[in-house]
Each structure stands twice: as C-alpha cells, then as structure tokens.
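> quick one, what's the 3D model for this:
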Amino acid sequence: MLQCNFAKFVDTTDADVVREFGIYYYQAFSTVLTNEGTYIVKACVEYPESVELDPSWKASRAFLVLAFIFAVMILLFKLVLGCSSQPEKKGYTGLGKFVPLGYLLTSIFQGLALLFLNSNACKNNNLISMEGNQTTIEWSDTCTISTGAKCFISATVVWFCAAISSYFEQKAFIDEHRMEVTDASLTESLTVNNEAGTTV
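Numbers count the residues shown, from 1 in each chain. Below is the predicted model of the structure:
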C-alpha cells in the first residue's frame with residue numbers, strides 16, 4: 001500500500017533498468033559521496049508538492065483507503081464472530097448477512113485502485129527526467145504494471161472469490177436451517193396428533 005513499486009517505466013534500450021512509482025510514494029535516487037567512492041542510493045519518498053494529482057490518481061487513493069478500511073472491518077468482525085457462543089449460526093444472522101457484500105465491496109475498491117495506471121503518474125510523469133543522473137536514459141512513454149499492481153490484481157480476484165464462496169455458504173446454511181425448522185415443526189405436529197389419539 002505504501003510502497004513505490006506499483007507501476008514502472010522501463011528503459012527502451014535496457015529492460016533491466018526501471019524506475020518505479022507508487023500511489024503515495026515514488027522511487028528516488030540520490031548520490032552519496034564516501035571515502036570509498038560515489039554511490040547511487042534509491043529509496044521510496046513522498047511525491048513533492050509540485051506534483052499535480054489528476055482525478056484518476058485521487059480516485060485511486062480514495063479507493064485504496066476504502067479497500068483497507070473494509071478489509072480491517074471484515075477482519076475484526078470475523079474475530080468477534082469467532083469468539084461468539086454459536087459462530088456457525090451468528091455468522092449468517094444479523095450483521096453476518098452482510099459479510100459477502102463486504103467481501104464484494106472490498107474487491108471492487110481494490111480493483112478500482114488500479115485507476116492509478118490511467119493517471120498522470122503513468123501518462124504524463126515529469127519526475128523521471130527531474131534528476132540529473134536520469135536524463136541520459138530513454139524511458140518508455142507509458143508505465144507498465146509492477147509488483148504492487150500485480151498484487152492488487154491478485155487481491156481483487158481473491159476478495160471476489162471470497163464474496164462468491166461466502167454467499168453460497170450462507171445460502172446453504174439458510175436452506176439447511178429452514179429444513180431443520182420444517183422437520184422440527186412436522187415432528188412436533190405428529191407428536192401432538194399421536195397424543196390426541198389421532199391416527200397418522
């Protein structure tokens with residue numbers, strides 16, 4: 001979430017040379033002079049205030065925060081549910097009915113965070129050529145997905161699968177519970193009729 005490896009620009013002449021950017025941080029380089037020589041150090045730093053965030057970039061940040069909030073809420077709810085006296089039943093009643101929806105919304109928010117790939121950071125990024133030691137490199141015109149974006153895509157699929165499986169598990173439990181209630185009412189009716197001397 002707070003790394004700088006969401007998207008990357010690749011050197012057109014050497015695919016091993018990349019410059020990575022994240023939703024909140026980007027990969028910056030600095031020159032360090034020591035007695036043993038000169039070293040180029042890279043680190044994740046915050047974007048400077050001069051960087052203008054376009055609507056896609058702002059939306060990506062908002063959806064990322066929403067996905068994180070929903071994920072934490074689901075985790076806490078599941079922890080509380082695990083400590084209840086009848087977790088297998090309470091998980092499908094009350095607020096538990098909204099768990100599949102929570103999974104689905106988290107999946108959607110996680111996927112919409114990929115709007116970052118359609119932002120200025122990928123299509124009109126001036127930070128690549130801001131540093132002197134980077135001016136000789138011919139970067140690609142647009143970014144490509146990096147490790148962070150790949151993880152986001154995987155997480156989106158996992159959250160969606162969790163929503164589907166949770167929904168069908170909940171549906172199966174409700175159907176089973178209805179059958180138990182129906183069987184119990186039939187048994188009670190037969191018992192009452194037998195005690196009254198009615199032949200069944």
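> would you tell me what the next helix or strand after the least confident helix or strand in the chain by mean pLDDT is?
Lowest on mean pLDDT, DSSP states H and E among the helices and strands of the chain sits helix 87-90, with a mean of 52. For helix 87-90, the succeeding helix or strand toward the C-terminus, using DSSP states H and E, is helix 99-112.
> which residues sit against that next one?
Contacting residues not belonging to helix 99-112 are listed as 59-60, 63-64, 66-67, 70-71, 73-74, 77-78, 91, 152-153, 155-157, 159-160, 162-164, 166-167, 170 [C-beta atoms under 8 Å, 6 or more residues apart in numbering]. Yep, even glycine has a C-beta here, placed from its N, CA and C like the rest.
> low-confidence stretches in this protein?
The chain contains residues with pLDDT under 70 at 1-2, 31-32, 40, 84-95, 129-137, 177-178, 180-200.
> still on that earlier bit, just the buried ones out of the contacts of helix 99-112, please.
59-60, 63-64, 66-67, 70-71, 74, 77, 91, 152, 155-156, 159-160, 162-163, 166, 170 (16 or more other C-beta atoms under 10 Å).
> what are the ranges of the helices in the protein?
For the chain, the helices defined by DSSP state H occupy 55-82, 87-90, 99-112, 120-123, 147-195.
> any idea how far the fourth one is from the chain center?
With C-alpha atoms, centre = their mean, to the nearest Å as the basis, helix 120-123 stands 21 Å off its chain's centre.
> now do the third one
When C-alpha coordinates are averaged (C-alpha atoms, centre = their mean), helix 99-112 and its chain have centres 8 Å apart.
> which positions in that helix come out as buried?
Neighbour count says helix 99-112 has 99-100, 102-112 buried, by 16+ other C-beta under 10 Å.
> now it - C-alpha only, PDB.
Taking Å, rounded to 0.1, in the frame of the first residue of the first chain, the C-alpha atoms of helix 99-112 are listed here in PDB:
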ATOM      1  CA  VAL A  99     -20.300 -10.300   5.000                       C
ATOM      2  CA  PRO A 100     -20.500 -11.400   1.400                       C
ATOM      3  CA  LEU A 101     -21.300  -7.900   0.400                       C
ATOM      4  CA  GLY A 102     -18.300  -6.600   2.400                       C
ATOM      5  CA  TYR A 103     -16.100  -9.000   0.500                       C
ATOM      6  CA  LEU A 104     -17.500  -7.900  -2.800                       C
ATOM      7  CA  LEU A 105     -17.200  -4.100  -2.000                       C
ATOM      8  CA  THR A 106     -13.600  -4.700  -0.900                       C
ATOM      9  CA  SER A 107     -12.900  -6.500  -4.200                       C
ATOM     10  CA  ILE A 108     -14.400  -3.600  -6.200                       C
ATOM     11  CA  PHE A 109     -12.500  -0.900  -4.200                       C
ATOM     12  CA  GLN A 110      -9.300  -2.900  -4.600                       C
ATOM     13  CA  GLY A 111      -9.800  -3.200  -8.300                       C
ATOM     14  CA  LEU A 112     -10.700   0.500  -8.700                       C
END
